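Undergrad: Sequence plus the predicted model coming up.
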Amino acid sequence: MHTVAVITGAARGIGRGLAERFAAEGMAVVLADIEEEPLANLEADLCAKGATVLAVKTDVSNAEDVENLAVQTYDTFGAVHILCNNAGVVCSRPIWEHTVADWEWVLGVNLWGVIHGIRTFVPRMLAQDTECHIVNTASILGLVRGPGEGIYKVSKHGVVTLSETLADELAQKGSQIQVHVLCPGWVRTGILDSVRNRPDALQNPTEKTQLQQTIGASRNVRAEMEAGMSPVEVAEHVYKAIQTGTFYIFTHPEHKTWIQVRMESILG
Ligand SMILES: NC(=O)c1ccc[n+]([C@@H]2O[C@H](COP(=O)([O-])OP(=O)(O)OC[C@H]3O[C@@H](n4cnc5c(N)ncnc54)[C@H](O)[C@@H]3O)[C@@H](O)[C@H]2O)c1
């Protein structure tokens with residue numbers, strides 16, 4: 001029987017790195033993403049390398065889509081051993097200027113996407129009663145404070161506390177599901193262009209371009225991202241953390257000082 005890994009936001013960036021890493025280990029990979037073309041491209045690339053692949057177009061902010069992902073996965077493979085709730089988007093401006101649509105879009109993907117993943121897969125994994133791993137992608141921004149990326153930080157702090165609670169409750173229950181929370185620093189991906197996946201119903205028509213410029217201009221973030229880690233390296237960190245049972249997965253341990261600064265400011 002295959003070890004089965006489900007990855008959301010699998011078509012590009014960190015998700016693609018995870019899919020390639022797991023497939024290289026001989027796992028069956030279930031690729032979930034909202035973007036059809038890169039999803040089909042990755043499916044073809046992995047199949048050409050002999051991997052066992054199921055690609056399911058999924059909007060993680062939609063409960064029915066995530067339920068369909070689980071149904072298709074269990075119908076095909078009968079089990080899930082690794083679930084990576086990884087899909088994420090960003091938009092940035094002063095926190096009081098964000099529209100309701102901004103909040104709904106970013107929280108919908110980054111926080112509700114993980115919530116739907118947990119609600120939908122954990123009961124099935126508990127019934128399965130085998131060793132399983134859940135990797136929720138947060139960010140170093142889910143552990144620190146400072147100006148900028150307000151909604152994104154709200155969502156990622158949410159993913160951290162959701163993951164901590166999930167881990168503690170599953171441990172209390174004595175289950176075989178281990179939880180991990182991935183907190184990367186800059187990784188070279190397409191996240192600064194996430195507006196490409198923003199649904200029509202949640203657009204700010206007149207501000208779309210301006211929003212992207214705001215992200216690209218502030219603190220020269222594009223240059224910082226270009227200097228970031230490769231998704232392949234991030235996937236290696238995740239793979240090792242699964243093997244060693246590490247809960248907080250840091251790709252840039254030097255950022256831990258930012259966490260210390262926040263904690264000291266809280267403790268006084
Ligand atoms: N790149 C970084 O520097 C960085 C740092 C910390 C955390 N992260 C987190 O890593 C995760 C992956 O992002 P990335 O950097 O690889 O970005 P990316 O844009 O390259 O990849 C994100 C993937 O998610 C998909 N996606 C977007 N909306 C979706 C939806 N509604 N449903 C399903 N899939 C959807 C996209 O199509 C894309 O394939 C995100 O949660 C992000 O917040 C990234």
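TA: Here it is on my side, so go on.
Undergrad: What residues does the stretch 101-250 of the chain have near the ligand?
TA: 109, 137, 139, 184, 186-187, 189-191, 194, 197, 225, 228 (C-beta under 6 Å from any ligand atom). (Glycine included, C-beta is placed from N, CA and C.)
Undergrad: can you give me the helices for the stretch 151-268 of the chain?
TA: Counting by DSSP state H, counting those that start in this stretch, the stretch 151-268 of the chain has helices at residues 208-217, 221-226, 231-244, 256-267.
Undergrad: still on that earlier bit, filter the residues of the stretch 101-250 of the chain next to the ligand down to the buried ones, ChimeraX style.
TA: Here the buried members of those are turned into a ChimeraX selection, burial being counted by 16 or more other C-beta atoms under 10 Å:
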select :109,137,139,184,186,187,189,191,194,197,225,228
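Undergrad: Columns distance to residue 35 and pLDDT on top of the residues of the stretch 101-250 of the chain next to the ligand, output as a markdown table?
TA: Output for these, formatted as a markdown table (distance: C-beta to C-beta, whole Å; pLDDT from 0 to 100):
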| residue | distance to residue 35 | pLDDT |
| --- | --- | --- |
| 109 | 12 | 98 |
| 137 | 17 | 98 |
| 139 | 20 | 98 |
| 184 | 20 | 98 |
| 186 | 22 | 96 |
| 187 | 18 | 98 |
| 189 | 13 | 97 |
| 190 | 10 | 94 |
| 191 | 13 | 95 |
| 194 | 11 | 94 |
| 197 | 6 | 92 |
| 225 | 19 | 89 |
| 228 | 21 | 96 |
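Undergrad: Please name every helix or strand in contact with the helix or strand encompassing residue 20.
TA: Per DSSP states H and E: residue 20 is located in helix 13-24. Secondary-structure packing of helix 13-24 (3 or more C-beta pairs under 8 Å, 6 or more residues apart in numbering; DSSP states H and E): strand 4-8, strand 28-33, helix 36-48, strand 82-85, helix 231-244.
Undergrad: Ok, which of these comes nearest residue 69?
TA: strand 28-33 (5.2 Å; C-beta to C-beta).
Undergrad: wait, does the closest one contact the ligand?
TA: Yes: looking at strand 28-33 against the ligand by C-beta under 6 Å from any ligand atom, the contacts come from residue 33.
Undergrad: Output the below-cut-off pLDDT ranges for the chain.
TA: Applying pLDDT under 70 to the chain picks out residues 1, 205-219.
Undergrad: Just give me the residue closest to the centre of it.
TA: residue 86 (1.6 Å; C-alpha atoms, centre = their mean).
Undergrad: do you know how far that residue is from residue 15?
TA: Residue 86 is 5 Å from residue 15, where distance means C-beta to C-beta, to the nearest Å.
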